[in-house]
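In: after the sequence you'll find the predicted model.
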Amino acid sequence: MEKVIQWISEAKLDPNDPRNAPLLHLMNKTRKDAPSESKYFRLDHLETSTYFVSTEEMENDRRYRLLSLRSQGVPEYKPMKMVPLYSSEVTHFEYTQTEKEERVSLKEEGDVFEHHRAAVIRFMKEIQEKIASRSRKVRPMLELSDVVVEDQVPDISTLGRSIAKLLEPRHPLRPQRKERKKVTNQAVGISKVDLLINVSQAQCLPIRRRTAGTEQRISLDPNTARSTIQLRPFVEVTFQRKSAVTHVADGPNPHWNQELVLPLNVINNEFSANNLREISDIVYFNVFDELIVDILQDDRLRDTNIHQRLERRWLGSFQIPFSTIYINSRIEGKFKLNVPSTLMGYNKDHGLLPQLTSEMLMSQTSLSGQTVTDKNSYLTIFITVEPPLAPQPPLREVFETNEEPRLIRAAAAWELLYNGKYGTRNVRSLVTDVNGKSVFITRYISPQNPPHDLVPEDRTSRTNLTVLQKIAKFVSLIPYYQDSIAFSGSCDIWATSELFLKMLAGDEEEHAILLCNYFLHMGIDSYIIKGIGIPEGETCYVLTKLQEGTVLWNPSTGDYHPQSRPYHSLVSVHFCFNNENIWANTQPYDDPGRLDFNFGNTKNWKPFFTGRENPRLSTVQISRLDYIETNLSAIQTLESNLEKMLMDKMMEWRERHVTRWNRHCRVVMRQLLPRLEAGSLSEEDQTSAMSEIMSSHNVTGFPINMRYSDASTIIETVYSTNVHVAEDPQVEFAMAVYIHPYANNVLSVWIYVGTLTKKY
């Protein structure tokens, strides 16, 4: 009997076959450890007998992991066309590149900021998968023009347009850029893509400070008076650790009009839409002053010998993410340079220069109505991609929604009317939330409380411009994360303020919503402007109506300026909205400096809800935001780690030279940084604090203030300033890092870096 039972168990008889019922009944009755009666129907009971290896061995196989990653669409492996035939041929490098997110999450136990960043990445991935699954259901069918690229056959209409172009008035002194034909992503069969940057001019750059005993007398022409040279600026553009520079010009208002070319490197040299959209690299624009230093030590040889060295001094910078350039195809305009409030060795007060005319200086109207000098520095550039690539347009189809059908129909008709009537103006009333559902845009606006340490107890001082500026700075310090990178360009996702503060990652919409809600809590009449900005492209600003006048706020940078200012980084206004209504701009122009922001005037602004039809939609925001206190011990640890990391990187970048550190100067810089954060440090105070060091050394340096997102961004920012490029064999360096904590782990990072050379 035992042999029969053994044969029955080894034969793996199908328990659902009626012919095997007597044998299985005999086995269950005989064996004490008989399994319970099966209550399921199996179709693969013999499948395991065909396995060559176990499931664990299969998952640990390198080739299988590589195939799985390619199938899942991981950016590093999705374009891979050939995979090694054997696991032994898969290199260790290919295998260890697999899970960047896991490496982030496996940081030190005490690094709460890295753990938070890993959690945000995982959350973003979950939202991306959810949105991708919904977008596949509503994505329209491809048209012929999306697949086949061909020139249009000429007809009567094309001939008429060609003749009309010949009759257009021409302005030789003001040429217009021609629109180039864009290449669709399906037709990109190229192996090289470049960034084309045209650097035109700069305005109001800082000039060298003239100090007795330390004045640099520089001139390339010996027949020219050397003391007349105030500045020799040039621009360096850095992208993916490759740089290109312009020629050197003269003066604080230089003209270059020079074209620079930088190559674009992508994963596996595959210029697909997904690869281009997910590039997170940044294009850095830095302006330097070139100095020619005389290093001839023996004056007796000065008539017969020339011994000079070129040095550079950093003046200011700004940066543009590549994803912004790719989405907008081209970016052109005047960009504000981020120049530190205190720049050692340089003076930003151009009013002291008699040779500068009033036309060279930019003026603006202050909030009090007085005309003041704009001391900001600007750089005019044009940047595009060659060949011109056509980005995949975001989804505009209506997702699943909980809104009333009549409002959805009214929104579609309203958008169709004004989007077609006013050309390039893009009017929207519905947006997509993190659940992939369409929501009315007005639901995101509701008064919400800022952190308590930013709100004064005296209610009468809450509308003070200084208080509002501190709140705007807090919002601007929250890390910027573009939706095109986070969600692979599927669509524009709008998050609530609670989720935005929890993730500490969002783009212009999240920053603008939070700032507008804060201002509403402070009792200020506030609106959100949707339009075109430089360099963001499609962006959001906040408009406030104060007693002093109308003020425009850039929530991503914290900058503000009155509407009457002649230069705006916001160049076009499409529509505005608040918690009650949406207004489409129907005025003949969209420049914010010329617009009338009286939303009650229906001739200039067409509302979506009219009269009694306004249903006063409820908000998706919570009424009160809760904030957590930032761990001060973690801040101190991060501060010391960042400083050590930057010092190590500085020595790594200077591998051919000895890097010496001046500890005394570091201590003085460390004392100045908290005062810079508070805005209470003047140039005179800095000179007084550094007077002892400056009595024996020539000191140049600058502070950098930025939000904290990750250490790599800070390292790249410091590297782009080229402060490590100092050829003097006796040069010393000083570096100090200070992190000011705000609520909810929002951090303001200050880095003061300088060079010192002994006076002879």
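Out: Yep, that arrived. Numbering: from 1, shown residues only.
In: distance of residue 674 relative to residue 454?
Out: Residue 674 sits 17 Å away from residue 454, going by Cβ to Cβ, to the nearest Å. For every residue, glycine as well, the C-beta is placed using N, CA and C.
In: just want to know which of these two has more residues nearby.
Out: A direct count of neighbours by other Cβ atoms under 10 Å for residue 674 and residue 454 places residue 454 higher, at 17 against 13.
In: ok, the more buried one - contacts?
Out: By Cβ atoms under 8 Å, 6 or more residues apart in numbering, the residues touching residue 454 are 467, 470, 471, 474.
In: now, which of these sits nearest residue 230?
Out: Checking these against residue 230 with Cβ to Cβ, the nearest one is residue 470 at 35.4 Å.
In: SS state for that closest one?
Out: helix (DSSP: H, G, I helix; E, B strand; the rest coil).
In: swap in residue 384?
Out: Classified using three-state DSSP, residue 384 is strand.
In: which non-adjacent residue is nearest it?
Out: When the adjacent residues along the chain are set aside, residue 384 lies closest to residue 330, with 3.9 Å between them (Cβ to Cβ, 6 or more residues apart in numbering).
In: the one you found reaches residue 383, doesn't it?
Out: Yes - counting by Cβ atoms under 8 Å, residue 330 touches residue 383, with 6.8 Å between them.
In: which one's more surrounded, those two?
Out: Ranked by neighbour count (other Cβ under 10 Å), residue 330 and residue 383 place residue 383 first, with 24 against 15.
In: who are the contact partners of that one?
Out: Residue 383 neighbours (Cβ under 8 Å, 6+ apart): 195, 196, 197, 198, 283, 320, 325, 330, 331, 332.
In: try 7 Å
Out: By Cβ atoms under 7 Å, 6 or more residues apart in numbering, the contact list for residue 383 reads 195, 196, 197, 325, 330, 331.
In: among these, name the ones in helices.
Out: Using DSSP state H, residue 325 are the members of these that sit in helices.
In: can you redo the contacts of residue 383 as TSV with pLDDT and distance to residue 522?
Out: Formatted as TSV, the contacts of residue 383 follow (pLDDT from 0 to 100; distance: Cβ to Cβ, whole Å):
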residue	pLDDT	distance to residue 522
195	91	42
196	93	45
197	94	41
325	87	36
330	85	39
331	88	34
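In: which secondary element of this protein has the worst mean pLDDT?
Out: The weakest-scoring helix or strand in the chain, judged by mean pLDDT, DSSP states H and E, is helix 100-105 (a mean of 41).
In: roughly how far does residue 755 sit from residue 377?
Out: Taking Cβ to Cβ, one finds residue 755 at 22 Å from residue 377.
In: between those two, who's got more neighbours?
Out: Each of residue 755 and residue 377 has its neighbours counted (other Cβ under 10 Å); residue 377 has more, 25 against 22.
In: ok, the more buried one touching residue 339?
Out: Yes - Residue 377 is in contact with residue 339 according to Cβ atoms under 7 Å; the separation is 5.2 Å.
In: joint contacts of the two?
Out: By Cβ under 7 Å, 6+ apart, the residues touching both residue 377 and residue 339 are 206, 316.
In: which residues touch the nearest residue to residue 203 once chain neighbours are set aside?
Out: In space, and not counting its chain neighbours, residue 203 is closest to residue 378: 4.7 Å by Cβ to Cβ, 6+ apart. Residues in contact with residue 378, defined by Cβ under 7 Å, 6+ apart, are 202, 203, 204, 334, 335, 336, 337.
In: are we agreed that the fourth one is in a helix?
Out: Looking back up the chat, that one is residue 334. No - counting by three-state DSSP, residue 334 is located in no helix; its state is strand.
In: buried ones in stretch 729-741, by neighbour count?
Out: Neighbour-count burial for stretch 729-741, counted by 16 or more other Cβ atoms under 10 Å, picks out 731, 732, 733, 734, 735, 736, 737, 738, 739, 740, 741.
In: of all these, which comes closest to residue 621?
Out: Using Cβ to Cβ, those come closest to residue 621 at residue 741, 25.1 Å.
In: and that closest one, how far is that from residue 451?
Out: Relative to residue 451, and taking Cβ to Cβ, residue 741 is found at 11 Å.
In: swap in residue 155?
Out: From residue 155 to residue 451 the distance is 63 Å (Cβ to Cβ).
In: those two: which has the busier surroundings?
Out: residue 451 (18 against 8).
In: report how many residues lie close to the nearest residue to the more buried one once chain neighbours are set aside.
Out: Spatial nearest neighbour of residue 451, excluding adjacent residues (Cβ to Cβ, 6+ apart): residue 743 at 3.9 Å. By other Cβ under 10 Å, the residues close to residue 743 number 18.
In: surely residue 743 is in contact with residue 627?
Out: Yes - contact criterion Cβ under 7 Å: residue 743 and residue 627 qualify, at 4.0 Å.
In: list residues touching both of the two?
Out: Shared contacts of residue 743 and residue 627, defined by Cβ under 7 Å, 6+ apart, are found at residue 451.
In: need the next SSE after the one helix or strand residue 57 maps to, C-terminal direction.
Out: Using DSSP states H and E, residue 57 maps to helix 55-60. The helix or strand immediately downstream of helix 55-60 is helix 62-72, counting by DSSP H and E.
In: which helices and strands sit right next to that next one?
Out: helix 92-96 (3 or more Cβ pairs under 7 Å, 6 or more residues apart in numbering; DSSP states H and E).
In: make it 6 Å
Out: Using 3 or more Cβ pairs under 6 Å, 6 or more residues apart in numbering; DSSP states H and E, no helix or strand is in contact with helix 62-72.
In: flag every buried residue along that helix.
Out: 62, 63, 65, 66, 69, 70.
In: then stretch 625-632?
Out: Buried, per 16+ other Cβ under 10 Å, within stretch 625-632: 625, 627, 630.
In: pLDDT wise, what is residue 478 at?
Out: Reading off the confidence values, residue 478 has pLDDT 93.
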